[in-house]
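Undergrad: Predicted structure and sequence below. I'll ask about it afterward.
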Amino acid sequence: MSKTIKNIHFIAVGGAIMHNLALALLQKGYNVTGSDDEIYDPAKSRLEKAGILPEKIGWNTDNITKDLDAVILGMHARKDNPELKMAEELGLKVYSFPEYVFEQTKNKQRIAIAGSHGKTSITSIILHVLKYYNRNFDYLVGAQIEGFDLMVKLTDDAPVIILEADEYLSSALEMKSKFLFYHPHITLISGIAWDHFNVFPVFEDYVKAFEQLADGMPKASTLLWDETDDIANIIGKQVREDVNQIPYTAHPYEVKDGKTSLKTKNGNVPLKIFGEHNMKNLQGAKEILEKIAITEEMFYEAIQTFSGAAKRLEKLGENKNTVIYRDFAHAPSKVGATTAAGKELYPERQLVACYELHTYSSLNKDFLPHYAEKLNAADQAVVFYSPHTVEMKKMPSISPEEIKAAFGREDLKIFTTKEELDAYLKGINWYQSNLLLMSSGTFGGTDIPTLSEAILKLPVKKEERASAPKKKSWKGIFKKKG
C-alpha cells in the first residue's frame, strides 16, 4: 500500500479489533475517522481519549467523501449500510479488516496463529517473548495483553507481524474467513473443533476453511499443527509442495502443590500458566519462535514471566482455601480443556465449574450436544443462560432438561438469573474448593470481580464432602506427561 494513504474511515469502528486498528493507524500518523450505531466501553473511552469518537452515534453519509484514501468495513455493518453505499457510489476502495491488514503487511514476514482454540494464548506467548528480547515486530491479537497498550500494532519498519488468525467471516462484502487474506509464511493450526455455528452450519465447510488456509500458503513456508488433534493432523499431513511440515504435542511438564513447571534437560522451569492445553500452546509458540531466532534457552528464560492473556485462565483472587479463575472459554473444546486444567492443578480440591451459554452456537439446540461430558472434570457443574438472550438472538427457547441431557450430567445445576447464581455460589462452603467461571459474556450482568471478592470473604467450615458427587478415579483422565 502506498505511504501516501492518510485518510481512513472505519464503518463499525466500535468493534474490539476495529477500534484497536483505528488507534494503531492514528499512532502511525494517519487521519482516522469512524462511525457506528453502538459503541460501548472500553472502545468508547479509548476512542474518546484519542479524539476520534464519533460526535453522533449512527451512520452518516457526510462521513464519506472523495478525500478518503480507504474505507474499512467491519463485520457488524450490513450490505445496505448507507455509508457503504456512498463509498461504493464514489468509487472508494473498501477493505475488510483482514484485507487492509494484508495490504499493510505485504512486505513483512507474516506469521499466523489459527485454530478453534488457543489462538490468543499462543499469540500472546510469542508477543511476550519477542518483547522480552526487545525485538521489532508488529502484531494483531484478540485480547488485551499485559504490557501492550493496543491489540494491534502496524508500523513501516517492523520486519515481521504476528497475526491471531480468526476463521470468522470478514465483512458483509467478503463472506469468507479472515485468515484467508493473510497468506502467511508461517502458519500454526492449534486444533479444529466446530465453532461459529451461525456462519458455518455445516461442519465440512468449517474444516474446509482451514484446508484453504494451509493450501494458500506461499512456497518455502512452514505449517505447524497439534498432532493430537485428529482433524488438524489430517490437514497438516497433506502433501503440499515446498511447505515445511512440523507437528507438535504438549511440552513435558509436571504439576506439584498447585504449581506447574516445564521439564527440560537443564531442570524444571517454573510457569505462571497451567493446564495441558497450555503446554500445547506453549510448545507451538516455542516452535515458531525458533524459526525467528529465539533459541530454546532464550524461550525458557522469557516464558517464566508470562502470566497469560486477559480472561484466559485469569486468576481473580485466592485465599488459603479457594482460588477463583475466569476464562473466556465458550466453544465445547475450550470448556473441556479449561475445566480439566482447573482440576489437574488442584486434584485434591473440589472444583466448581460455572459455564454460561452465551454465543449463538452454544444456545443452538442442534449444537448443544457438542458439550457432552465437557464439564465432567468438575465436582460441581453449573450452567447459566439467559432466556432473554435467547429471545434477543431470535432463537428457539431451550429448557433446563434439554441442557442437562446435552451435557450428560443429571446433577448439573442450571440458573437463568444472576441473582439465583449469586445466591447459589455464596451458599457453598468453599473449604478446599476452587471456582472456575467460563463465559464470553457476563453471567447476566454479574459484576464478576465483586462476586469473586465476596466469595473469598465467606466463612468456611471444615467438613467431609459426603454430599459431593461420587467420581471415578482420576487415573487415566489426564495423559501421562513425559
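TA: Happy to help now that I have it.

Undergrad: what's the offset of the helix or strand encompassing residue 289 from the middle of its chain?
TA: Using DSSP states H and E, residue 289 maps to helix 276-291. On the basis of C-alpha atoms, centre = their mean, to the nearest Å, the separation between the geometric centre of helix 276-291 and that of its chain is 16 Å.

Undergrad: By residue count, tell me the biggest strand in the protein.
TA: Criterion DSSP state E: the longest strand present in the chain is strand 350-357.

Undergrad: Partner strands of that strand and their direction?
TA: Partners of strand 350-357 in the sheet, by DSSP bridges, are strand 380-385 (parallel), strand 433-438 (parallel).

Undergrad: Identify the residues contacting it?
TA: The contact list for strand 350-357 (C-beta atoms under 8 Å, 6 or more residues apart in numbering) reads 329, 335, 339, 342-343, 363, 375, 377-385, 403, 421, 425, 428, 432-441, 443, 465, 468. The way it works is simple: take the backbone N, C-alpha and C, and place the C-beta from them, glycine included.

Undergrad: Can you select the buried ones from those residues in PyMOL?
TA: In PyMOL syntax, the buried subset of the contacts of strand 350-357 is picked out as below (16 or more other C-beta atoms under 10 Å):
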select buried, resi 329+335+339+342+343+363+375+377+378+379+380+381+382+383+384+385+403+421+425+428+432+433+434+435+436+437+438+439+441+443
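
Undergrad: I'd like to know how far residue 389 sits from residue 357.
TA: Distance of residue 389 to residue 357, given as C-beta to C-beta, to the nearest Å: 8 Å.

Undergrad: More neighbours: those two, which one.
TA: Using other C-beta atoms under 10 Å as the criterion, residue 389 and residue 357 rank with residue 357 on top: 23 against 18.

Undergrad: So which residues of the stretch 251-400 of the chain form helices?
TA: Per DSSP state H, counting those that start in this stretch, the stretch 251-400 of the chain carries helices over the ranges 276-291, 296-303, 332-345, 387-392, 400-407.

Undergrad: Of those helices, which shows the lowest average pLDDT?
TA: Lowest mean pLDDT within the helices of the stretch 251-400 of the chain: helix 387-392, a mean of 80.

Undergrad: what does that helix contact?
TA: The contact list for helix 387-392 (C-beta under 8 Å, 6+ apart) reads 358, 363, 396, 397, 398, 416, 441.

Undergrad: Flag every buried residue along that helix.
TA: In helix 387-392, counting by 16+ other C-beta under 10 Å, buried: 389, 390.

Undergrad: Figure out how far it is from the centre of its chain.
TA: Offset of helix 387-392 from its chain centre (C-alpha atoms, centre = their mean): 24 Å.

Undergrad: same question, stretch 297-314
TA: Using C-alpha atoms, centre = their mean, the mean C-alpha position of stretch 297-314 is found 16 Å from that of the whole chain.

Undergrad: Span of it from start to end?
TA: From its first residue to its last, stretch 297-314 covers 26 Å (C-alpha to C-alpha, to the nearest Å).

Undergrad: Please list the outside residues in contact with it.
TA: For stretch 297-314, the external contacting residues (C-beta under 8 Å, 6+ apart) are 120-121, 124-125, 128-129, 132-133, 141, 143-146, 262, 264, 266, 269-275, 278, 282, 286, 289-290, 294, 325-328, 338, 341-342.

Undergrad: Spell out, range by range, the strands that occur in the stretch 151-300 of the chain.
TA: Remark: strands assigned in the stretch 151-300 of the chain by DSSP state E, counting those that start in this stretch are 152-153, 160-164, 186-189, 221-226, 243-248, 253-256, 259-264, 267-270.

Undergrad: Downstream of whichever strand or helix holds residue 49, the next helix or strand is which one?
TA: Here residue 49 is covered by helix 43-50, with elements defined by DSSP H and E. Next helix or strand after helix 43-50 toward the C-terminus (DSSP H and E): strand 70-73.

Undergrad: And the contacts of that next one?
TA: Under C-beta under 8 Å, 6+ apart, the answer for strand 70-73 is 5, 7-12, 18, 21, 64, 81, 83-84, 87, 92-97, 100, 171-173.
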